[in-house]
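S.K.: Sequence first, predicted model second:
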Amino acid sequence: MSTGKTLLALALSTLLPASAAWAANNDTLIYCSEASPESFNPQIASSGPSFVASSQVLYNRLINFDPVKNTPVPSLAESWTISPDGKTYTFTLRKGVKFNSNKFFKPTRDFNADDVIFSVMRQKDPKHPYHNVSQGHYEYFNDVGLDTLIQDVKKIDDNHVQFVLSEPNAAFLADWGMDFASILSAEYADAMLKKGTPENVDNWPIGTGPYVLQQYKVDSLIRYVANPNYWDGEVPTKHLIFSITPNVETRLAKLQTNECQVIPAPSPVQFEAIKKNKDLTLHSVDALNVGYLAFNTEKKPFDNVLVRQALNYATDKKAIVNAVFMGSGTVAKSPIPPNMLGYNKDLPDYGYDPEKAKALLKQAGLEKGAEVTLWSMPVQRPYNPNSRRIAEMIQSDWAKVGINAKIVSYEWGEYLSGMRKGEHDSALFGWMSDNGDPDNFADVLLGCNSIKTGSNAARWCDKGYNALVEKAKLTSDPAERSKLYGEAQVIFHQQAPWIPLANGKTFYATRSNVTGYSVSLMGSDFSKAKLN
């Protein structure tokens, strides 16, 4: 555990008595979270559990997403206009939105343009007084290129803020619904800076969201209380508790005994037990995601396209999906999910063909085989519900063609850090859409600039592919964008920097008396959840 996380937990654990009345009643909802949050500031976090515990409970963003169409809809911004050249976005901000308060600070004003500018410039400007607070690393902001795309952000008046871009970008609006784009209080930040305690902004969050943080005990629980002034209406459940429960079997056991009323990511092997229990309900959501194995194309033997193609042929993806996903996923062939703009439905896939794999390896000079490492994720995700099992099946398939893969794994933070630095030979990974836009996959995961930011796990840079993806970002016409992404996927298929494995559904389970809780593109929404 990091020192910062320890201090945060010790500080927050003093807010309420450590003993918890865990029996749920109609004004208390208990959610079995997968892990402790890295931070309560989503700008400097990078994991799903951190976002659920922070941005999706404590904060709002300028826009939200329609849960069915996955298109931008108003949130803290009531409306927006885009200049004819696509380089200036002007947001009209919602009036009367209240920030919550804590023991350090009570706001004197409503949300306004100053808060938007603070939330942007902290991440963008290395000289900003908050940029390095909490060892700030703004991975998502930089991964989507906002550090260079945004030329200026201006306050027109309290209720209008304007962004000036260096070039048109078709994904820009959708970016402002992402977790990192949560709006923090500039007034709170100024007050804490004057007191010499700027880290309180991250450790004792003040937002405009449906809940207010009360207590955090690391690796144990998080307590929230409903925001009495929530701008989007009364929150029906007064108390929200996160019971931090990393083990998937323990999460289900707690759901069955009513120690939790909501659990994320049940394992496919648990589906039948959930369906048979009249007190439980299994929910599924068609997600925008892809699970894949990335070859580190900067390392031998994966710098050779013939080797990458060979191992695509050597991997029995259908067998993996059938054995591991058990109906919760389908075989992938592209970096873009099938139900997203730009997906190339005519793209061929590498069929399972060990003999063809052997021939290509011989052509590559590896007829005697090779020794490589295969990194296996230590966590469970909808795009990879059992990483160890998938790694073992790939290991077995590759052994049949002479490639001996040693499976290794690390703690999740170390895994992410090592992969971003390119320490792996090959690694299992995946991506869930942050904003519903294909750029979030095609460029963030495979663009040349994404090698520097670390989100391109293949460390693959193809000038032809990159030019098409960059052009697609500048294009506002959906049909033209789709065509460009389709052409880029042809290059991806030929160069094979990945083995695309699966597109998975998102599953969660609840007690049958829970209503109003939902999961969408933007994650978990507790604001309408209640127990009946």
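M.R.: That came through, no problem. Small disclaimer: the values here were computed from a predicted structure and weren't measured.
S.K.: just checking, next helix/strand downstream of the lengthiest helix in the chain?
M.R.: Ranked by number of residues, the top helix in the chain under DSSP state H is helix 478-495. Reading on from helix 478-495 to the C-terminus, the next helix or strand found by DSSP states H and E is strand 498-504.
S.K.: Show the average pLDDT along that next one.
M.R.: Taken as a whole, strand 498-504 has a mean pLDDT of 97.
S.K.: Please apply the same query to stretch 150-161.
M.R.: In the prediction, stretch 150-161 has an average pLDDT of 98.
S.K.: Could you list the buried residues of that stretch?
M.R.: Residues of stretch 150-161 classed as buried by neighbour count (16 or more other CB atoms under 10 Å): I150, V153, N159, H160, V161. For every residue, glycine as well, the C-beta is placed using N, CA and C.
S.K.: and which of the residues you listed is nearest N449?
M.R.: Set against N449, the nearest of these by CB to CB is I150 (15.2 Å).
S.K.: where's that closest one relative to M178, distance?
M.R.: The span separating I150 from M178 equals 14 Å under the rule CB to CB, to the nearest Å.
S.K.: can you check H131 too?
M.R.: For H131 relative to M178 (CB to CB), the value is 19 Å.
S.K.: So the two - more neighbours on which side?
M.R.: M178 (23 against 14; other CB atoms under 10 Å).
S.K.: Now do the nearest residue to that one once chain neighbours are set aside: how many residues are near it, please.
M.R.: Of all residues not flanking M178 in the chain, D434 sits nearest, at 4.5 Å (CB to CB, 6 or more residues apart in numbering). Using other CB under 10 Å, D434 is surrounded by 24 other residues.
S.K.: OK, contacts around the nearest residue to Q489 once chain neighbours are set aside?
M.R.: Counting by CB to CB, 6+ apart, Q489 lies nearest to N344, which is 4.3 Å off, once chain neighbours are set aside. When the contact criterion is CB atoms under 8 Å, 6 or more residues apart in numbering, the partners of N344 are S334, I336, Y485, G486, Q489, V490.
S.K.: N344: helix or strand, and which one exactly?
M.R.: Using DSSP H and E, N344 falls within no helix or strand.
S.K.: measure it to D439 for me?
M.R.: Following CB to CB, the distance that separates N344 from D439 is 15 Å.
S.K.: just how off-centre is stretch 355-362 within its chain?
M.R.: Relative to the chain's own centre, stretch 355-362 is displaced by 37 Å; criterion: CA atoms, centre = their mean, to the nearest Å.
S.K.: For the stretch 251-400 of the chain, which segments are assigned as helices?
M.R.: 271-276, 305-314, 317-320, 354-363, 387-399 (DSSP state H, counting those that start in this stretch).
S.K.: now the angle between helix 354-363 and the last one, please.
M.R.: In this structure, helix 387-399 runs at an angle of 70 degrees to helix 354-363, with axes from the mean of the first three to the mean of the last three CA atoms, to 10 degrees as the basis.
S.K.: Remind me what helix 387-399 packs against, helices and strands.
M.R.: Other elements packing on helix 387-399 under the criterion 3 or more CB pairs under 8 Å, 6 or more residues apart in numbering; DSSP states H and E are helix 305-314, helix 317-320, strand 370-375, strand 403-408, strand 426-432.
S.K.: Check the secondary structure at D115 for me.
M.R.: helix (DSSP: H, G, I helix; E, B strand; the rest coil).
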